[in-house]
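>>> make a model of this:
(chains A and B)
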Amino acid sequence: MTPALEIEGLTLAVGGRKLVEDVSITVAPGEMVGLVGESGCGKSITALSVMRLLPSPPVRVLSGAVRVGGADVLAMAPEALRAMRGDRVGMIFQEPMTSLNPVFTVGDQIAEALEIHRGLSRRQALARAAELLALVGLPAPIEQLGRYPHQMSGGQRQRVMIAMALACEPKLLIADEPTTALDVTVQAQILALIDRLRREMDMGCLLITHDLGVVAEVCDRAAVMYAGRIVEEAAVGDLFAHPRHRYTRALIDTAPASNPPGTRLPSIAGMVPPPGAREHGCAFAPRCPAALPVCRTTTPALLGDAGHRAACWNPAPAEAAA
Amino acid sequence: MTPLLDVRGLTKHYAGPHGRVLHALEDVSFTVAAGEALGVVGESGCGKSTLGKSLLRLVEPTAGEVLFEGEDVLPLSRRAMAAKRRDMQMVFQDPFGSLNPRHSVGTIVGEPLAIHGMPGGKARVAELLDQVGLPADAAGRYPHEFSGGQRQRVAIARALALGPKLLVADEPVSALDVSIQSQIINLIGDLRRAYGLAMIFISHDLSVIRHVSDRIAVMYLGRIVEIGPAAQVFEAPAHPYTRALLSAVPRRPGAAQPRERIILHGDLPDPSSPPPGCAFHGRCPAAMPRCSVEPPELVSRHVAETGGTAIAACHLHEHADAPALEPA
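Residues are numbered from 1 along each chain as shown, chains lettered A, B, ... in the order given. Purely as a prediction, here's the structure:
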């Protein structure tokens, strides 16, 4: 079966600085894959590259391929690209207030995609928009059509974003920190919604987040990014139970929930190196408690079997895993 | 013994549009002992930030008392309040917005000392920077030269400069990355232990609140709905809102079984027209007819499920001072 998304060996750069290096991710139909990392690790820019939403110049694709449903995104003509965006691929961003147009009603914004991509009449498109709002759990969907984004709460706006992204029944959903700006009870609602819809619609889903808890909650597999590279990739249960990369291990251990209340947290010294300041070898080596001499000279390859791969010269021993 | 901080009936109303009144804080009462850490948790709009600012009179409360070492600070003159702030300091969420970009870090950290005519000057600034884990040369640099985590260290050094007895920290780690968060949580913990500092730690992040707090207050729509020892609030929550809030936290990575999840429906009610009775009744899975009529008091109550008592504002549980209907 053709994967919903294949990113293969993608390297992106601005000027001489590499933002993302040799990143490969595959999302099968109906699968939810998490892309986890801290600010500046390159996870959002990887997501934007799937939609070809990166400003070029300055961002250049140095190598690699992006295929959506088998079609080469990087080679697409503008016409084909427009047809893909919002039709075969839906995208949800973190801040629904800035991603929705404040001067159009919610109904107008959802209907627009249906008119453009599906050739529906205005009346048909609005009727479908109301169905979508009901699908994402907004009460009184017909009345909601006439409301403006500022008249809604953050959780309601995020539901509108999801309704827009799903309007054309995409085969792939890219969700970039979809719940980060939301309260925890609303986050639970939205995650449950995305999880249900991807199963019902057999839609592949790439979930970008900094929150390991969110990944543990809804993803099938996850890739951990650090300083522009994927450092570990595995099924979620396996990843959290038996992390191999020292960075993954440290991220899990440093979470307050992993430690008895009031104790000092095992913190990760230093900070993420910005693009351009990344040294030779493994980018995590300067912060790694288990770094070997080789870590500072040679970049480790992402090795393992198809189920669990890690890029680490001195992986965490299995017995140390909780 | 007099608690360090004794807050009684604290209320803050804002004038809303069309003559409506926004009830940001409604009759909030609690105490904080010297050296104690009280966590305040709740979702956006629950009034937790207004609470923090009201205590230091960064916003002026509408009614109530804030007794600091037995003295009500609300009637104090501007001058007397400024002096009082030597003992009560605040750290904010956004380390970018709370530091003046035109001032060097040395000036920022030294400013409270200069204002209050405290001795020490440069030597004291160097000592403070060292305590928060910043290099000595940081004093000559400007906020933009630092990362978010380092800026939060600068803000903490400034808050500690006068040797306060109470630190109010409003979402101090929410803007930081996971690996930096734990560094700042450790720093705050170390400083609290070193100086016996009492703290009010305001956050929406339940795992952080659980980690840093001795006691926890849960807020909903301007009111405290439950307050108690951190372990009790987390292990045996009494209020249905606390239960829903805790169940919504994504499980700990690696935890084997997903917990039973209570998904709340609907949104926070409009604080300018709070519903009658218990503000939570419209979203509460256990609401009874009286909940929409009679506001529940925040008092000690028998919790049948645990056999113990809890301080919660919920009609589900009988008042602890009322005779129990059936022997347990």
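
>>> need the pLDDT of the residue lying closest to B:Ser273 once chain neighbours are set aside.
Ranked by Cβ to Cβ, 6 or more residues apart in numbering or on different chains and with sequence neighbours excluded, the top spatial neighbour of B:Ser273 is B:Arg20, at 7.0 Å. Placement of C-beta: from N, CA and C, glycine included. pLDDT, B:Arg20: 85.

>>> where's B:Arg20 relative to B:Leu51, distance?
If you measure B:Arg20 against B:Leu51 using Cβ to Cβ, to the nearest Å, the figure is 21 Å.

>>> out of those two, name the residue with the larger neighbour count.
B:Leu51 (28 against 13; other Cβ atoms under 10 Å in any protein chain shown).

>>> give me the three-state assignment for the closest residue to chain A within chain B.
For chain B, the residue closest to chain A is B:Pro250, as judged by Cβ to the nearest Cβ, at 3.0 Å. Under DSSP: H, G, I helix; E, B strand; the rest coil, B:Pro250 falls in the coil class.

>>> now swap in the one 10 residues further on and tell me
In terms of secondary structure, B:Glu260 is coil; the call rests on three-state DSSP.

>>> number of nearby residues for it?
7.

>>> my read is that it contacts B:Leu246, right?
No. B:Glu260 lies out of contact with B:Leu246 (Cβ atoms under 8 Å); the separation is 10.9 Å.

>>> can you mark which positions in whichever strand or helix holds A:Ala216 are buried?
Element membership for A:Ala216 (DSSP states H and E) is helix A:212-218. For helix A:212-218, a neighbour-count test (16 or more other Cβ atoms under 10 Å in any protein chain shown) marks A:Leu212, A:Gly213, A:Val214, A:Val215, A:Ala216, A:Glu217, A:Val218 as buried.

>>> from A:Ala188, how far out is the second one?
In this structure, A:Gly213 and A:Ala188 are 11 Å apart, going by Cβ to Cβ.

>>> cool, A:Val218 as well?
10 Å.

>>> could you check the worst-scoring helix or strand of chain A on mean pLDDT against chain B for contacts?
When each helix and strand of chain A is scored by mean pLDDT, DSSP states H and E, helix A:96-99 comes last, with a mean of 75. No. Applying Cβ under 8 Å from any Cβ of the partner chain, one finds helix A:96-99 separated from chain B by no less than 13.0 Å.

>>> what packs against the very next helix or strand once past that helix?
On the C-terminal side of helix A:96-99, the nearest following helix or strand under DSSP H and E is helix A:106-118. The helices and strands touching helix A:106-118, judged by 3 or more Cβ pairs under 8 Å, 6 or more residues apart in numbering or on different chains; DSSP states H and E, are helix A:122-135, helix A:154-166.

>>> next, the angle helix A:154-166 makes with helix A:106-118.
For helix A:106-118 against helix A:154-166, the angle by axes from the mean of the first three to the mean of the last three Cα atoms, to 10 degrees is 20 degrees.

>>> and helix A:106-118, how far out from the chain middle?
24 Å (Cα atoms, centre = their mean, to the nearest Å).

>>> tell me the buried residues in it?
So, applying 16+ other Cβ under 10 Å, buried residues of helix A:106-118: A:Val106, A:Gly107, A:Asp108, A:Gln109, A:Ile110, A:Ala111, A:Glu112, A:Ala113, A:Leu114, A:His117.

>>> and stretch A:158-172, by the same measure?
Residues of stretch A:158-172 classed as buried by neighbour count (16+ other Cβ under 10 Å): A:158-168, A:170-172.

>>> one more: stretch B:123-139?
Buried positions in stretch B:123-139, judged by neighbour count with 16+ other Cβ under 10 Å: B:Val125, B:Ala126, B:Leu128, B:Leu129, B:Gln131, B:Val132, B:Gly133, B:Leu134, B:Ala138, B:Ala139.

>>> same question, stretch B:168-183
So stretch B:168-183, judged by 16+ other Cβ under 10 Å, has buried residues B:168-173, B:175-183.

>>> would you mind checking the average pLDDT for it?
90.

>>> ditto for stretch A:245-258
92.

>>> also stretch B:187-197?
Averaging pLDDT along stretch B:187-197 yields 93.

>>> and stretch A:222-236, by the same measure?
Stretch A:222-236 carries an average pLDDT of 95.

>>> that one and chain B, are they touching?
No. Between stretch A:222-236 and chain B, judged by Cβ under 8 Å from any Cβ, nothing touches; the nearest distance is 8.5 Å.

>>> returning to that earlier point: what is the least confident helix or strand of chain A packed up against?
helix A:154-166.

>>> before we move on, the earlier item: would you mind giving the helices and strands packed on helix A:106-118 as JSON lines with mean pLDDT and distance to B:Leu113 added?
Output for these, formatted as JSON lines (pLDDT from 0 to 100; distance: least, Cβ to Cβ, whole Å):
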{"stretch": "helix A:122-135", "mean pLDDT": "92", "distance to B:Leu113": "57"}
{"stretch": "helix A:154-166", "mean pLDDT": "87", "distance to B:Leu113": "41"}
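
>>> for the ones you listed, give me CSV that also has distance to chain B.
Listed next are these as CSV, based on distance: least, Cβ to the nearest Cβ, whole Å:
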stretch, distance to chain B
helix A:122-135, 14
helix A:154-166, 6
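
>>> nearest to B:Gly307, of these?
Checking the helices and strands packed on helix A:106-118 against B:Gly307 by Cβ to Cβ gives helix A:154-166 as the closest, at 36.5 Å.

>>> and the following helix or strand past the closest one, which strands flank it?
Of the helices and strands lying after helix A:154-166 in sequence (DSSP H and E), the nearest is strand A:172-176. According to DSSP bridges, strand A:172-176 forms sheet pairs with strand A:89-92 (parallel), strand A:204-209 (parallel).

>>> just say which of those is most tucked in.
Neighbour counts (mean count of other Cβ atoms under 10 Å in any protein chain shown) averaged over each of the strands paired with strand A:172-176 peak at strand A:204-209, with a mean of 26.

>>> do you know the pLDDT at the residue in the stretch 151-300 of chain A positioned nearest to chain B?
Going by Cβ to the nearest Cβ, chain B is nearest to A:Gly213 of the stretch 151-300 of chain A, at 3.0 Å. pLDDT for A:Gly213: 88.

>>> what about the residue lying closest to B:Glu305 once chain neighbours are set aside, how many residues nearby?
Sequence neighbours aside, B:Ala236 is the residue nearest to B:Glu305 in space, at 7.4 Å (criterion: Cβ to Cβ, 6+ apart). Residues within reach of B:Ala236, counting by other Cβ under 10 Å, total 16.

>>> correct me if wrong: B:Ala236 contacts B:Val303.
Yes. Judged on Cβ under 8 Å, B:Ala236 makes contact with B:Val303 at a distance of 7.0 Å.
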